[in-house]
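Engineer: Next comes the sequence, and after it the predicted model I'd like to discuss.
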Amino acid sequence: MTATHYLDQARTAAEGLRESSLKERLAELALLRQRIDQRREDIAEQVMAETGKCRTDALVSEIMGSLDYLHWLNKAAPAVLADEKVSTPIALMGKASRIWHEALGTVLIITPWNYPLHIALTAIAPAFAAGNAVILKPSEHTPLKGLLESLVADLPLLSSALQIAYGDGDTARALIDARPDKICFTGSAATGKAILAQAAPLLIPVDLELGGKDAMLVFDDVDLHRTSAGALWGAFTNAGQSCTSVEALYVQRPLYRDMVATLAQQLDALIVNEGDAGDADIGAMTTDFQCDIVEAQLEDARKKGAQIHGGGRIAGTRLLRPALVTEVTPDMLLMQQETFGPVLPVLAFDNEAEAIRQVNNSGFGLSASVWSKDLDRAARVARALRVGAVSINNVMLTEGNPALPFGGVGASGSGRVKGAEGLRGMTRSKAVLIDKQHGKLEANWYPYTREKYRLFGQLISGLSGKGLAALLRFARAGLQLESHAQKPRRNP
Amino acid sequence: MKLSRYDYIIVGSGAGGGVLAFHLARAGKRVLMLEAGQRWQPRDYPDNELDASARLMWSGGVEPSQDASLMLMRGRTLGGGTVINQCLLDRFDDIALDDWAARSGLDSFSETAMGRHYDAVEADLSLQSIPESDWNGNARIYADGFDRLGYRRAPLRRGQSRCDVAGGNDCMRCLGGCPRASKQSTAATFLPRAEELGLEIITGCHIHGVVHGSAGVTVYGQVGREQVQFFAARCVLAAGTLGSSRILMNSGLGDALPALGKGFFCHPQFVTFARYAEPVDAHRGSFQALKSDDPRFRAAGFKLENVFMGPVAAAYLLPGGARAHQRLMRDYRHLACIEVAVRDVTPGRLSLSRGGQLRIHKSLGAPERKRAREGLKIIRDIYRVTGATEVAQAPTGIGLHLMGGCAQGLHRDSSVVNPEFAVHGMPRLHVVDGSLFPSAPGINPSLTIMALAHRAAEALLGGAQAPAGISRSVPADAAEVSA
Amino acid sequence: MTTPASQPIAAFSQRHEQALARIGDVLIPGNGSLPSYSESGAAALAPRALAGARPVDQVMMLRLISVVGALPRPLIALLLLCIRGGMRLPGIAGAPARLLDLALKGVVMNTYYCGLDRTAPDGDSAVFHALDFRLQMQVDDEDTK
Ligand SMILES: Cc1cc2nc3c(=O)[nH]c(=O)nc-3n(C[C@H](O)[C@H](O)[C@H](O)COP(=O)(O)OP(=O)(O)OC[C@H]3O[C@@H](n4cnc5c(N)ncnc54)[C@H](O)[C@@H]3O)c2cc1C
């Protein structure tokens, strides 16, 4: 099937969806949710087989995360998508103003291989809820062939609204050329730029969820055990293949040594394996090339003087032992590029300002976390960070609440998914102003006369003045304008 | 940095692990063995009972059952139980194997089907029967009693190559490891040969658990205070009955394996001493030479063992208050000893406490008490007819043959390990040691554990290659090493 | 496995040694050729004997030795008598007595009858002398190849 076919079919489906109500669409999403729940072990198996994830990662972030989102969407969508009444200024007295959140039409969703189910669902579901037809182009590395199709089979609206176009970058390019109404892309910054460039001349709006180099800032008043455990989970969950993985841990100097020792000890206890029954901590990497990137970054760091605790690839597998990196310097690749693997560089900082500067200098700006007993300090630092999300005394937790928007700053992308913002992102707001049928002409309509011009002047000063006198001036000017407007230009 | 992915990791180096490692290494597999105990040069084995207990045994010597009616012993050293055992190597009879076949549903448990596996391991060992010329006073009392009372006895067959008892050597020393490397422990036989074929061994490595995956098994534990983990395409637990069951339970597999830890047996043994006017010198030379070979005993479910032990063990087992006890100990050279070993039928159970400590639920049921009583009566008769001046019964029982807990069988509800030696539902995880036993045979277990390891090697290497096939596939020089 | 220094038994002190010697003397008062437990100096071997025990058991042993060793001698004797009696109780009822027996009699007999005392006049083990016990074992280099 060609890209044009996909788009033609999507446009037809989008037309069809206009006949459906939000309630009907949400009812299908509720059924989808039930099915995912019922089939969760099967789904986990398929996700594990294609991604190498350990079972708990597959269950919790892919399935539980998706179910959570669908649950939230069902509750929140009616309010977020409802027609809005907005106030009408006094100058437009007698009229009503509305915003309608309407479907865009066709949305192209391009997803990466790290969370193939979760990222797809949290884009498909709001797009569909808002009334769009969706074309999903999953990563060729983790297509999950047939899974979504089987989940939506015999949901009449959803199965006609959702098409899945399997393929690689060429498929994506062809689909973009066929002019969807919006593109949602999650993936690397390089591909993000290419998509934006391709979309620009076609004037297709693009949401970009790109990579990160997310920082965790730890002040010296924290609970060592919990904070270390949080850092390891944040760095290694999904084998570190999350855009919001902790990729740089900044620890206030007095705590640095103890924290490194605790991290090393906790790291040694982490079990690496894939295809487990829920008892492995860290699964396999999804692709060979990502293993190579991670190993090359570690090798580069080692050459430049870093100390590496752990690490290494188990021969003949994509299993990487997690690595703790100290003696890190800015010239190391792992401080400049996204690593996207189970690697945790640990750095020391002396004071708040320095820490903030270091984090804001990374170029990326997806998320961060700040750890301190002093919540005022934590909030102060959180505000100063140039990122899309901050967890305080926790890690990667903003993603745990589907009501919160998700998205980055700078090289980490733009646009938001999830939350009300994400749902609205699948709509265009249609502004509506409603007047009644009557014979009166508006004051600002023709003809323009010197008298009208004078009265407008008075109206404006009444509007911008203060107090009762100004209001009265405004009202008088208004009334005079109105009566003046009904008169035609005087003919000699 | 490349980390190894072994073909096999074997946890434990005793009767099961040692033999299996050899056959896998011989087939060209890359094998890593992880052993909690230490490696010893034969001449450095402890020369006293205190250090032997503290350094070669689990828990510093003995592990009591929950009701402390049985004191269990198991080796923790490279070579496992085979280093500290008496190396008496007997084949099972059909009485034992038929029961296994019935419980497990496997007809491969029969004298004929096991025959070639026994042949194969025996061919790789030096086995000697203890000649009458090597009898000490204790053996003579035993033989005399049996003959007078009309019971059948037979010489013991032991794995040994050059004990030189005639030259004055006392084999009791070898309960703390044989310094002459004559006793056929795996440390003296299969393991060195396997190492020549490329087996890697890490000692002092205590394994806590395993995680089974689609492409391999992660095995994790500790070396000293360092936490370690290793990865292999397949993992074989050969950590013994208590060790393998514990590793599986600690890995959280109890729910998936309802039979795990069940069916624990240990051949409870009850020691009776007797004092004679003349020195017996039961501790000299081949301190075990004879076994009971009476079909009536076999049918009744017990054996009488011609046995003795060092002063520490004797002192622990001798009853009585301070003065009586001291007097008996001072007459150590005048003591004779026979024990009754019961073929137990009341299954025990292994579990983990909340704190992860192993609990051994094993109490003596009515059948075991009856069997013990019958045997003890005969022992007293023997002492009576041979002129003992005093008889002293040990107050606690002991268990040296620890068996079961991961029974082999067809069904998950009654067994843990399938006929291919894989844990049910976990094709890459295997168990090959005494824990496979579906019931207590009433016969010395270790030769059969070795034979099962040989059978397991065939199963793992794919297809029922005949044992000769394994040998034949080996280059001539490698075969020589094992000759 | 783990270094003895890291184990609870490393806390075995002079006081523990004295307490254990008091218990030992009740079990082994000595007779003629056999030295008493305290004369043999066996109590000092306790940490070596317990080095292989599980840490939980080591902690228990230290406590037990302190508590029992602090009793007056007749009470220790009475306790040991009760233990011997209690051991005969079947099943779980007899478990405490048998465990105490294992712990107390076990460590006393182990440290005393292992022959590691050097209290005989010739510098050998006085205990083994009294038993007239010696194991012979010829080990030459070739043997251990
Ligand atoms: C004093 C004594 C005398 C005996 N005499 C005889 C006899 O004459 N004939 C006979 O047939 N049998 C005898 N036995 C019994 C025989 O030794 C055992 O049945 C046999 O050794 C069991 O073999 P196995 O492979 O099951 O385990 P073992 O030989 O016990 O080997 C298990 C190994 O695994 C290691 N291990 C356990 N847990 C772990 C862990 N978590 N991590 C790493 N390593 C671990 C242990 O240290 C051990 O080395 C005797 C036993 C004793 C104690």
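Structural biologist: Perfect, I can see it now. Residues are numbered from 1 along each chain as shown, chains lettered A, B, ... in the order given.
Engineer: Going by C-alpha atoms from here, please, whenever you check contacts or count neighbours.
Structural biologist: Noted.
Engineer: residues from the stretch 101-250 of chain B in reach of chain C?
Structural biologist: Residues of the stretch 101-250 of chain B found near chain C (Cα under 8 Å from any Cα of the partner chain) are B:168-173, B:179-182, B:204-205, B:223-225.
Engineer: Also the stretch 201-350 of chain A?
Structural biologist: Counting by Cα under 8 Å from any Cα, the stretch 201-350 of chain A has no residue next to chain C.
Engineer: Tell me which residue in the stretch 201-350 of chain A sits closest to the ligand.
Structural biologist: Going by Cα to the nearest ligand atom, the ligand is nearest to residue A:269 of the stretch 201-350 of chain A, at 16.0 Å.
Engineer: Check the secondary structure at the residue lying closest to that residue once chain neighbours are set aside for me.
Structural biologist: Closest residue to residue A:269 apart from its sequence neighbours, by Cα to Cα, 6 or more residues apart in numbering or on different chains: residue B:227 at 6.3 Å. Classification of residue B:227 using DSSP: H, G, I helix; E, B strand; the rest coil returns strand.
Engineer: Next, count neighbours for the residue of the stretch 201-350 of chain A closest to the ligand.
Structural biologist: Residues near residue A:269, counting by other Cα atoms under 10 Å in any protein chain shown, number 16.
Engineer: Spell out the residue ranges of the strands in chain C.
Structural biologist: Counting by DSSP state E, chain C has no strands to list.
Engineer: related to what we said a few turns ago, which among the residues of the stretch 101-250 of chain B next to chain C end up buried?
Structural biologist: When these are checked for burial by 16 or more other Cα atoms under 10 Å in any protein chain shown, the buried set is B:169, B:170, B:171, B:172, B:173, B:179, B:180, B:181, B:182, B:204, B:205, B:223.
Engineer: which residues touch the first one?
Structural biologist: Remark: with contacts taken as Cα atoms under 8 Å, 6 or more residues apart in numbering or on different chains, residue B:169 is in contact with B:163, B:284, B:285, C:135, C:136, C:137, C:138.
Engineer: Quick one: buried ones out of those?
Structural biologist: Buried members of those, scored by 16+ other Cα under 10 Å, are B:163, B:284, B:285, C:135, C:136, C:137.
Engineer: Contacts only, for the last one.
Structural biologist: So the one you mean is residue C:137. Residues near residue C:137 by Cα under 8 Å, 6+ apart: B:168, B:169, B:170, B:171, B:173.
Engineer: what does the third one give?
Structural biologist: Going by Cα under 8 Å, 6+ apart, residue B:285 touches B:134, B:135, B:136, B:165, B:166, B:168, B:169, B:170, B:171, B:172.
Engineer: One more: the fourth one?
Structural biologist: With Cα under 8 Å, 6+ apart as the criterion, the residues that contact residue C:135 are B:169, B:170, B:172, B:173, B:283, B:284.
Engineer: Which residue comes closest to the residue in the stretch 351-483 of chain B positioned nearest to chain A once chain neighbours are left out?
Structural biologist: Nearest residue of the stretch 351-483 of chain B to chain A (Cα to the nearest Cα) works out as residue B:426 at 10.1 Å. Leaving aside its sequence neighbours, residue B:426 sits nearest to residue B:212 (Cα to Cα, 6+ apart; 6.8 Å).
Engineer: quick one, phi/psi of the one you found?
Structural biologist: phi -90, psi 130 (degrees, to the nearest 10).
Engineer: That one and residue B:428 touch, don't they?
Structural biologist: Yes - here residue B:212 reaches residue B:428: they are 7.0 Å apart, a contact under Cα atoms under 8 Å.
Engineer: so how many other residues sit close to the residue nearest to residue A:269?
Structural biologist: Using other Cα under 10 Å, residue B:227 has 19 neighbouring residues.
Engineer: Using CSV, list the CA coordinates for the helix ranked longest in chain C.
Structural biologist: Taking DSSP state H as the criterion, chain C has its longest helix at helix C:95-113. Provided in CSV are the C-alpha atoms of helix C:95-113 (Å, rounded to 0.1, in the frame of the first residue of the first chain):
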residue,chain,number,x,y,z
ALA,C,95,14.3,-29.4,70.5
PRO,C,96,15.5,-26.7,72.9
ALA,C,97,17.4,-29.2,75.1
ARG,C,98,19.0,-30.9,72.0
LEU,C,99,20.0,-27.5,70.6
LEU,C,100,21.5,-26.5,73.9
ASP,C,101,23.3,-29.7,74.0
LEU,C,102,24.6,-29.2,70.5
ALA,C,103,25.8,-25.8,71.3
LEU,C,104,27.4,-26.3,74.7
LYS,C,105,28.5,-29.9,74.6
GLY,C,106,29.4,-29.5,70.9
VAL,C,107,31.8,-26.6,71.4
VAL,C,108,33.3,-28.0,74.6
MET,C,109,34.0,-31.5,73.1
ASN,C,110,35.2,-30.0,69.8
THR,C,111,37.7,-27.7,71.3
TYR,C,112,38.9,-30.2,73.9
TYR,C,113,39.1,-33.5,72.0
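Engineer: Which strands and helices lie in contact with it?
Structural biologist: Using 3 or more Cα pairs under 8 Å, 6 or more residues apart in numbering or on different chains; DSSP states H and E, the elements in contact with helix C:95-113 are helix B:49-56, helix B:311-317, helix C:14-27, helix C:37-40, helix C:46-50, helix C:73-86, helix C:126-131.
Engineer: Could you identify which of these is most buried?
Structural biologist: Across those, averaging neighbours per residue (mean count of other Cα atoms under 10 Å in any protein chain shown) puts helix B:49-56 on top, at a mean of 26.
Engineer: what's that helix packed up against?
Structural biologist: Against helix B:49-56 (3+ Cα pairs under 8 Å, 6+ apart) you get helix C:46-50, helix C:95-113.
Engineer: Starting from it, tell me the next helix or strand along the chain.
Structural biologist: strand B:63-64 (DSSP states H and E).
Engineer: Can you confirm whether that next one lies near the ligand?
Structural biologist: No - Strand B:63-64 lies out of reach of the ligand by Cα under 6 Å from any ligand atom, never closer than 11.1 Å.
Engineer: residues of stretch A:362-373 that come out buried?
Structural biologist: For stretch A:362-373, a neighbour-count test (16+ other Cα under 10 Å) marks A:362, A:363, A:364, A:365, A:366, A:367, A:368, A:369, A:370, A:371, A:372 as buried.
Engineer: Kindly report the same for stretch B:327-343.
Structural biologist: Neighbour-count burial for stretch B:327-343 [16+ other Cα under 10 Å]: B:328-343.
Engineer: Most widely separated two among those residues?
Structural biologist: Within the buried residues of stretch B:327-343, two members stand farthest from each other by Cα to Cα: B:330 and B:343, at 33.4 Å.
Engineer: what about residue B:270, distance to residue B:157?
Structural biologist: Distance, residue B:270 to residue B:157, using Cα to Cα, to the nearest Å: 22 Å.
Engineer: tell me what the one helix or strand residue A:383 maps to is packed against?
Structural biologist: Assigned by DSSP H and E, residue A:383 falls within helix A:375-384. Applying 3+ Cα pairs under 8 Å, 6+ apart, we find helix A:375-384 packed against helix A:352-360, strand A:367-371, strand A:389-392.
Engineer: how distant is that helix from the center of its chain?
Structural biologist: Chain-centre distance of helix A:375-384: 23 Å, with Cα atoms, centre = their mean, to the nearest Å.
Engineer: Okay, buried residues for that helix please.
Structural biologist: Across helix A:375-384, burial judged by 16+ other Cα under 10 Å covers A:378, A:379, A:381, A:382.
Engineer: residues making contact with it?
Structural biologist: Counting by Cα under 8 Å, 6+ apart, A:352, A:356, A:369, A:370, A:371, A:372, A:390, A:392 sit against helix A:375-384.
Engineer: change it to 10 Å
Structural biologist: By Cα atoms under 10 Å, 6 or more residues apart in numbering or on different chains, the residues outside helix A:375-384 that reach it are A:217-219, A:352-353, A:355-357, A:359-360, A:368-372, A:389-393.
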